[in-house]
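Undergrad: predicted model follows, preceded by the sequence.
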Amino acid sequence: MITLSSDFQSPYPAAMKGVICQWTETRLVDVAHDLPRQDVRTSAFWLREMLPYFPPAVHLAVIDPGVGTDRAAIVVRAGEHALVGPDNGVLVPAARRLGDGAIEVFQIETREGSVEGTDRTAWPPRLASSTFHGRDVFAPAAARVHEIGVDDVETDEGLHAIDSYESLAFPDPTISEGGATGTILAVDDFGNAITNVPGEYVADRFGGELSVDGESVPLRESYAAVDPGQRLVTVGSHGNVELAVNQGWGSDAFDVSSEDAVRIQCNDTRQ
Amino acid sequence: MITLSSDFQSPYPAAMKGVICQWTETRLVDVAHDLPRQDVRTSAFWLREMLPYFPPAVHLAVIDPGVGTDRAAIVVRAGEHALVGPDNGVLVPAARRLGDGAIEVFQIETREGSVEGTDRTAWPPRLASSTFHGRDVFAPAAARVHEIGVDDVETDEGLHAIDSYESLAFPDPTISEGGATGTILAVDDFGNAITNVPGEYVADRFGGELSVDGESVPLRESYAAVDPGQRLVTVGSHGNVELAVNQGWGSDAFDVSSEDAVRIQCNDTRQ
Amino acid sequence: MITLSSDFQSPYPAAMKGVICQWTETRLVDVAHDLPRQDVRTSAFWLREMLPYFPPAVHLAVIDPGVGTDRAAIVVRAGEHALVGPDNGVLVPAARRLGDGAIEVFQIETREGSVEGTDRTAWPPRLASSTFHGRDVFAPAAARVHEIGVDDVETDEGLHAIDSYESLAFPDPTISEGGATGTILAVDDFGNAITNVPGEYVADRFGGELSVDGESVPLRESYAAVDPGQRLVTVGSHGNVELAVNQGWGSDAFDVSSEDAVRIQCNDTRQ
């Protein structure tokens, strides 16, 4: 199985699918092609949250603002999974989670020179363009890794192990007796603002109130536990504290966006 | 085959697909993941209109504003099809159409407690979150029903037949000699306002004029039978009377939206 | 393999998929369902740019503002590929590229009369609606062509060869010593304005400046070779000259849209 993720929207993902279909009949599953445009950090968050639900697979993920520069093209092996994309950090958080912290990184060799026609089964891949490595480099690499198998990546003449690569990590919250200071990692398509504060921090207080940036907000287990349009704090499906509005837009109601700081206090600490 | 429908937009459908891929290699087909957000009624309309075109399948459909409340999680058996989703009515109109009116409803048992890691092949499913039953309950249930077969749903220890469930029905139009009073059921992505008035009501009058809320409008068999930008009434692909604009937005031009009443008269009844 | 393209957005593509799944278990791959709405010309461009990356396949492509009029429904054979859609030119540029210029066109016979229920496996297809031939005519035809094989299209009782069909071609640029006068063929989802000027025209000048409609703009091999927000000219993945902004919207910054003329001069020709 090969999964596909990108910020390409439409129709460029089709070119990647076409190339992969030239190599293999394996199952293709779209994860998302509307990841935040050229936003490596937030896309890395979503890959980390989505890819672990899949069985062992090759995951093609292209959020690549540096396409055409000298950033490397890489394959990351993580447990029984492989991730294929640019060396800009976007693959790393997902890979660490899939590999229980242990990852191996391989650089994809590329060759200069244009490609005749639209056949893209040459290996190592040729740099047919400086603007669409998703089609010209990463899609062939994903298909190639699928073909040879994740365990045998090091045997391939077009892939060589490297020690140095771009890392990317999300901040940890600061938690003390007085409260937690966290960061908004992402806002989802329901408007929920997802923090980095672990749900355990609030888990024994459901049904009560929390203070969010100084304002009292109900802590509930589900969105529908407050009236439509009302704010709440909950623990989202990611396991983190989330700022939400039932059937509304949490990020607006709390006036927060990605990378903003947020201060969460359990109200009994005010005593 | 398993079809997937939701109002999740992106990227949450990927988590459901990942879970299903842990269970089965069957074909996955996306119906839509941008059904009207938390709008059970309109989503039920679209499921009713789209799912019957599929061969026998398991249809996962999650429009679930009550996630985390005590609304049940259900499997509906309808002919050779099964539908899996929340007990809020969203599955019912499609199921009645697929089952020629006859449906059977089974409640999905769930178990408390978190799920270790991201493996979701436990059955009955565990309530890993209160906010994403699409991933934690419905996706495993769809895969499970696919695995055991629609005919054997009652043999499963995690499913038990129930008599009571949330129903949902669309209004019937009032048709008399003086005209038809109908309701807008949905506005589609082309801006066509789809009524509940059956096409038969106007079928012998193509080429003439109708009165819509008192204004005369041409009745034509196809959009392109009037000039671009012009209003028309037609019989849409659903078989119902539709208010449209050729290459334009019917709902704007007729100033109607979902659930609005509309009065349609054949002009010769004015005599 | 059957690929699907349309301007239907959502959820109507699902009805086409359902119908095809009634016929065949072959792999379905979505190319795009948000091609420019009822814009035959720009959609034809995208089909030409995307479909050639696929291995031999049946390509269903429905951009059909004339649905329900007397425009024909056609199958175009091009090399080992077949394209299925309306006879309005939308298939032609892609077919010419797939067939190295040589294409054969077959008209799809249709029968009058409604279809009982939602079974759509009758052949030749019946005109169940005048508004959704994607579902009623083209999806069955794509499945049928896949079933009988591209080589045997002429043996089918529902398809007959025709000599006359709607053509569609993109303008050629005018290139002289003084510069190139081209046309914007499309603006992609990154805001890049894609011209019809071949990349070869500028290929030996990377790193220098060009004049675009009289203003000097850097010519670079990749978007990231200029600062974010800065304009550049590059050769895009289509092989054509492209007007772009690094991490921004080229069509806005250059104030151009589809079908606009653009004048590109190599600066040393000003001497």
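TA: Looks like it came in fine. Just so you know, these numbers come straight off a predicted model, no measurement behind them. Residues are numbered from 1 along each chain as shown, chains lettered A, B, ... in the order given.

Undergrad: enumerate every residue touching A:D7.
TA: In this structure, A:D7 makes contact with A:33-39, A:43, A:62-63, judged by C-beta atoms under 8 Å, 6 or more residues apart in numbering or on different chains. (Glycine included, C-beta is placed from N, CA and C.)

Undergrad: so which of those are also by chain C?
TA: A:37-38 (C-beta under 8 Å from any C-beta of the partner chain).

Undergrad: strands - which of the contacts of A:D7 land there?
TA: A:V62 (DSSP state E).

Undergrad: out of the contacts of A:D7, who's nearest B:Q230?
TA: Each of those was scored against B:Q230 by C-beta to C-beta, and A:D34 proved nearest at 34.5 Å.

Undergrad: hmm, that closest one is touching B:P13, no?
TA: No - contact criterion C-beta atoms under 8 Å: A:D34 and B:P13 do not qualify, at 11.6 Å.

Undergrad: in terms of neighbours, single out the busier of those two.
TA: Taking other C-beta atoms under 10 Å in any protein chain shown, A:D34 and B:P13 do not tie; B:P13 has more neighbours (27 against 17).

Undergrad: excluding its backbone neighbours, what's nearest the more buried one?
TA: Closest residue to B:P13 apart from its sequence neighbours, by C-beta to C-beta, 6 or more residues apart in numbering or on different chains: B:H33 at 4.7 Å.

Undergrad: please apply the same query to A:A122.
TA: A:V115 (6.7 Å).

Undergrad: so the one you found versus chain B, what's the distance?
TA: Distance from A:V115 to chain B, counting by C-beta to the nearest C-beta, to the nearest Å: 31 Å.

Undergrad: one more: A:P125?
TA: A:P125 is 26 Å from chain B, by C-beta to the nearest C-beta.

Undergrad: my guess is that residue contacts A:R111, does it?
TA: Yes - with contact defined as C-beta under 8 Å, A:P125 counts as touching A:R111 (7.2 Å).

Undergrad: which is the next helix or strand following the helix or strand hosting A:A161?
TA: When elements are assigned from DSSP states H and E, A:A161 belongs to strand A:159-162. Moving toward the C-terminus from strand A:159-162, the next helix or strand (DSSP H and E) is strand A:174-176.

Undergrad: which other residues reach that next one?
TA: Contacts of strand A:174-176 (C-beta under 8 Å, 6+ apart): A:180-182, A:197, A:201.

Undergrad: of the residues you listed, which is the most crowded?
TA: These, ranked by neighbours (other C-beta under 10 Å): first place A:V197, 26 neighbours.

Undergrad: show the backbone phi and psi for that one.
TA: phi -80, psi 120 (degrees, to the nearest 10).

Undergrad: how about the contacts made by the nearest residue to A:P11 once chain neighbours are set aside?
TA: Nearest residue to A:P11, sequence neighbours excluded (C-beta to C-beta, 6+ apart): C:A32, at 3.7 Å. Neighbouring residues of C:A32 by C-beta under 8 Å, 6+ apart: A:10-11, A:14, C:5-6, C:46, C:50.

Undergrad: re the thing from before, give me the more crowded residue out of A:P125 and A:R111.
TA: Just comparing A:P125 and A:R111: by other C-beta under 10 Å the higher neighbour count belongs to A:P125, 25 against 12.

Undergrad: which residue is the nearest non-sequential neighbour of that one?
TA: A:P140 (4.4 Å).

Undergrad: what's the one you found sitting at in phi/psi?
TA: phi -60, psi -40.

Undergrad: which ones are touching the residue of the stretch 1-150 of chain A found nearest chain C?
TA: In the stretch 1-150 of chain A, the residue that lies nearest chain C is A:G68 (2.2 Å; C-beta to the nearest C-beta). Shown in contact with A:G68 (C-beta under 8 Å, 6+ apart): A:130-131, A:133, C:221-225.

Undergrad: for it, which non-adjacent residue is spatially closest?
TA: Spatial nearest neighbour of A:G68, chain neighbours left out: C:S222 (2.2 Å); criterion: C-beta to C-beta, 6+ apart.

Undergrad: and the one you found, how close does it get to C:Y201?
TA: Distance, C:S222 to C:Y201, using C-beta to C-beta, to the nearest Å: 18 Å.

Undergrad: next one: A:L83
TA: Taking C-beta to C-beta as the measure, A:L83 falls 38 Å from C:Y201.

Undergrad: report pLDDT for the residue nearest to A:P125.
TA: pLDDT, A:P140: 98.

Undergrad: give the contact list for it.
TA: A:19, A:23, A:120-123, A:125.

Undergrad: taking these, please make a ChimeraX selection of just the buried ones.
TA: A single ChimeraX command selects the buried members of these (16 or more other C-beta atoms under 10 Å in any protein chain shown):
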select /A:19,23,120,123,125
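
Undergrad: which ones are touching A:P55?
TA: A:1, B:18, B:21-22.

Undergrad: and if we set it to 7 Å?
TA: B:21-22 (C-beta atoms under 7 Å, 6 or more residues apart in numbering or on different chains).

Undergrad: sec struct for it, please.
TA: coil (DSSP: H, G, I helix; E, B strand; the rest coil).

Undergrad: and the residue nearest the centre of chain A?
TA: Central residue of chain A (C-alpha atoms, centre = their mean): A:L47, 2.2 Å from the mean position.

Undergrad: pretty sure it sits in a helix.
TA: Yes - judged by three-state DSSP, A:L47 forms part of a helix.

Undergrad: I figured it was touching A:A94, is that so?
TA: Yes - A:L47 is within contact range of A:A94, at 4.0 Å (criterion: C-beta atoms under 7 Å).

Undergrad: the lengthiest strand in chain A pairs with which strands, and in what direction?
TA: Identified as the longest strand of chain A according to DSSP E is strand A:179-187. In the sheet containing strand A:179-187, its partner strands are strand A:174-176 (antiparallel), strand A:193-198 (antiparallel), strand A:261-266 (antiparallel), by DSSP bridges.

Undergrad: was I right about A:A15 contacting C:Y53?
TA: Yes - assessed by C-beta under 7 Å, A:A15 is found in contact with C:Y53 at 4.7 Å.

Undergrad: okay, those two: which has more neighbours?
TA: Comparing A:A15 with C:Y53 by other C-beta under 10 Å, the one with more neighbours is A:A15, at 26 against 21.

Undergrad: per-residue pLDDT of the residue of the stretch 1-150 of chain A closest to chain C, please?
TA: Note for A:G68: predicted pLDDT of 89.

Undergrad: gap between it and C:E221?
TA: From A:G68 to C:E221 the distance is 6 Å (C-beta to C-beta).

Undergrad: quick one on the thing from earlier: check contacts around the residue nearest to A:G68.
TA: Neighbours of C:S222 in contact, by C-beta under 7 Å, 6+ apart: A:67-69, A:130-131, C:234.

Undergrad: closest to chain B out of the residues you listed?
TA: A:V67 (21.6 Å).

Undergrad: indicate the residue of the stretch 101-250 of chain A located nearest to chain B.
TA: A:S222 (2.2 Å).
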